[in-house]
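Engineer: A predicted structure for the sequence below; I have some questions about it.
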Amino acid sequence: MLQSLGKYLLFMSTLFIRKESGRILFNRTIDEAILIGINSIIIVAIVSTFIGAVTCVQVAYNLDNAFIPRSTIGFMVREMTILELAPTITSIVLAGKVGSSIAGGLGTMQITEQVDALEVMGINSASYLVLPKVVAAILVFPMLVILAMFLSILGGYVAGTLSGEVTAQEYITGIRDQFIPYNITFALIKSVVFAFLISSISSFRGYYTTGGALEVGAASTAAVTNSVIAILIGDFVLAYLLL
């Protein structure tokens, strides 16, 4: 494990050696941002909307007490969404989609010797291929998390009002009650950290793939598994340090 950690740290240090020009990195970053962000909007929208709806219904089920105002449902949906569900669950979903894609793409390039071809041309393949992915993920993930927050709260609103568990006014009163702006900042910090972990770990697993097609699949699986574990550990550490 320590050997893999040291290899990962050395790999990350090579991203900043013999970098390409700013124009090339910018263009590559935009391309990666489109692949990571635009192509993930639908899955993020679906997952976050239904998470908000399910959270609202389950909170309403457990708050069956005449002394607890129904506006508490909106309050709980907002707090759970912003602090945990939107940044963490969205990142776990993206670890499966984006992480496997990154590892599979780099692994395929490695076994077909495209990476070696870049090195022969005098290009730092790690910087050229990986750095734009990491930067793009850091830029795009917070946007996806903001979208997930909005749709999750909206999903809770629709589910609560349609099911009759809470009125529209009660739900809106709840999501406005005792709002702490710092929670948004905390969620965005988590999204940036998770973006770095997913993109860098997946790139590391894909870049050092050896063998054939079976090994590419194994690298994708390892990338997703390691990324999810890193997200959960990072979630605990950030909560302990920042809350």
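Structural biologist: Sure thing, it's come through. Just so it is clear, the structure is predicted and the values come from calculations on it, not from any experiment.

Engineer: where along this structure do the helices fall?
Structural biologist: Using DSSP state H, the helices of the chain run over 2-13, 22-36, 41-62, 71-80, 90-94, 100-111, 114-120, 125-163, 168-176, 182-207, 213-242.

Engineer: want to try TSV for the ones you listed, with mean neighbour count as columns?
Structural biologist: Every C-beta, even on glycine, is put in place using the N, C-alpha and C of the backbone. Listed next are the helices of the chain as TSV, based on neighbours: other CB atoms under 10 Å:
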stretch	mean neighbour count
helix 2-13	11
helix 22-36	15
helix 41-62	18
helix 71-80	22
helix 90-94	25
helix 100-111	23
helix 114-120	14
helix 125-163	22
helix 168-176	17
helix 182-207	22
helix 213-242	17
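
Engineer: would you turn those helices into TSV with mean pLDDT?
Structural biologist: Formatted as TSV, the helices of the chain follow (pLDDT from 0 to 100):
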stretch	mean pLDDT
helix 2-13	87
helix 22-36	90
helix 41-62	93
helix 71-80	93
helix 90-94	94
helix 100-111	93
helix 114-120	89
helix 125-163	94
helix 168-176	93
helix 182-207	95
helix 213-242	94
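
Engineer: what's S200 in contact with, if anything?
Structural biologist: Contacts for S200 were tallied using CB atoms under 8 Å, 6 or more residues apart in numbering; they are Y8, M12, V130, V134.

Engineer: meant to ask about E32, not that
Structural biologist: Contacts of E32 by CB under 8 Å, 6+ apart are P132, K133, V135, A136, A137.

Engineer: Just name the closest of the contacts of S200 to I36, please.
Structural biologist: Nearest to I36 among the contacts of S200 is V134, at 10.4 Å by CB to CB.

Engineer: Now that closest one. Nearest residue, chain neighbours left out?
Structural biologist: S199 (4.5 Å; CB to CB, 6 or more residues apart in numbering).

Engineer: Next one: the one you found from L94, what distance?
Structural biologist: 10 Å (CB to CB, to the nearest Å).

Engineer: Between those two, which contacts overlap?
Structural biologist: By CB under 8 Å, 6+ apart, no residue touches both S199 and L94.

Engineer: show me what contacts V47?
Structural biologist: V47 neighbours (CB under 8 Å, 6+ apart): I89, T90, V93, A148.
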